[in-house]
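> Structure for this input, please:
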Amino acid sequence: MKHGNNEPGDVDVSVSQQSDGAVIAELAKQAEALREVRSGRALAVPYAIVQTGHTVKACPELLSEKNRRTLQTIKSDLAFDEVPSFIAYVNRFKDERSRLFVLPQEHLFVGVLDYHPSMENRISAGKLDYPDMPEPCRHCPQLSLRKTPEAQAWLTIDKQWITQEDFVEFLNDHYFEIIEPEAASVLELARNLEVKNDVSFKGVQRSTDGGYNVKYEEESHTNQMHVPELLQVRFSLYEGSEHVDFAVRLHYRLRQGTLQFAIKFQRLEHTMREHLTSIRERIESETGLPVWSVRHGLQ
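Here you go, the predicted model:
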């Protein structure tokens, strides 16, 4: 049986044919439902047992200032993998409390948009009534830099010996990312290697003008073809980031008359650190927020 006119948020408890113990148990059960669980902890909302109608009424107005603000703030840990989207989101929700962090070893940027503001910010915002009140720190978008398919393809074969056939296939698929020598030269090299996949290679010698001369025997005749030593490649390292130029050195070796290839990026770690720094500077410039570099401690 229901009694009285209930307001939104009230919980009706039928008391007909129920003992006092059953009513108390039911009230406790309903009160337990008036809890917001965050990060494994329960944030209890005060409640009152209303005599008329035997209802349990949530009373968030009785919460402390700190807990009222916690209930009203955004709880989100959205994951972004493109720089422009992350920047746009931060700009949409940032305020004087917002902070940005980067974990360089993980290529991860983390925003805490409801971080604890400084005393200076509290004074300017007129919040001295609660000078030591921490903020909830639960609106935390993340930018995890994801390598592009082009970057994954090039970095996968870094320092790996591959067969002549695999090298030709790779050049045909990625010649447009090679900016030096020009694409026509790279395609010509790929065609030459493809045509000569059944010849016997005899030696590799460094040429006077750079690169190597590869000697091969074909129909009892010894010939040679020129292959470069250095390549300049350009591709976007991470999704939504600028293009980066890389220097790549080609290596060659003979194994039982067959030619094998390997590439080695020059100063790869240095170039990647510089690119991460440029992304950090872009985020700082376009959000107006400094990015703090940390090793750990963000959860």
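
> Show me the shaky parts of this structure.
1-76, 117-136, 194-203, 208-210, 216-221, 297-299 (pLDDT under 70).

> Mind giving me the packing neighbours of the lengthiest strand in it?
In the chain, with assignment by DSSP state E, the single longest strand is strand 243-255. With contacts taken as 3 or more Cβ pairs under 8 Å, 6 or more residues apart in numbering; DSSP states H and E, strand 243-255 sits against strand 200-206, strand 230-236, strand 258-265, helix 268-287. In this view, the C-beta of every residue, glycine as well, is placed from N, C-alpha and C.

> what's in contact with the third one?
If I follow you right, that is strand 258-265. Applying Cβ atoms under 8 Å, 6 or more residues apart in numbering, the external contacts of strand 258-265 come out as 154-155, 157-164, 167, 193, 201, 204, 214, 231, 246-254, 271.

> buried sites along that strand?
For strand 258-265, a neighbour-count test (16 or more other Cβ atoms under 10 Å) marks 259-263, 265 as buried.

> swap in the longest one?
Neighbour-count burial for helix 268-287, with 16+ other Cβ under 10 Å as criterion, is recorded at 271-272, 275-276, 279-280, 282-283, 287.

> Grab the nearest non-local neighbour of Arg99.
Leaving aside its chain neighbours, Arg99 sits nearest to Tyr115 (4.1 Å; criterion: Cβ to Cβ, 6 or more residues apart in numbering).

> secondary structure class for the one you found?
Of the three states, Tyr115 takes coil under DSSP: H, G, I helix; E, B strand; the rest coil.

> Can you show me the helices along the protein?
For the chain, the helices defined by DSSP state H occupy 20-33, 65-72, 83-93, 119-125, 149-156, 164-174, 183-195, 268-287.

> nearest to Asp95, of the buried residues of helix 268-287?
Closest to Asp95 out of the buried residues of helix 268-287 is Thr287 (11.9 Å), distances taken as Cβ to Cβ.

> Now do the same contact list for that closest one.
Contacts of Thr287 by Cβ under 8 Å, 6+ apart are 87, 90-91, 94, 100.

> out of everything not next to it in sequence, what's closest to it?
Thr287's closest residue in space is Val90 (Cβ to Cβ, 6+ apart), at 5.0 Å.

> One more: Arg249?
That would be Lys264: by Cβ to Cβ, 6+ apart, it lies 5.0 Å from Arg249.

> same deal with Ile87?
Glu286 is the one closest to Ile87 (Cβ to Cβ, 6+ apart), at 4.9 Å.

> Tell me how many other residues crowd the residue nearest to Val83 when sequence neighbours are not counted.
Closest residue to Val83 apart from its sequence neighbours, by Cβ to Cβ, 6+ apart: Gly240 at 4.4 Å. By the criterion of other Cβ atoms under 10 Å, Gly240 has 18 neighbours.

> And Gly240, its phi and psi?
Dihedral angles of Gly240 (phi, psi; degrees, to the nearest 10) stand at phi 80, psi 10.

> for it, what are its contacts?
81-85.

> can you do 10 Å?
80-87, 143, 145-146, 148, 279 (Cβ atoms under 10 Å, 6 or more residues apart in numbering).

> what about the closest residue to Phe235 other than its chain neighbours, distance to Val102?
Closest residue to Phe235 apart from its sequence neighbours, by Cβ to Cβ, 6+ apart: Glu150 at 4.1 Å. Separation of Glu150 from Val102 (Cβ to Cβ, to the nearest Å): 24 Å.
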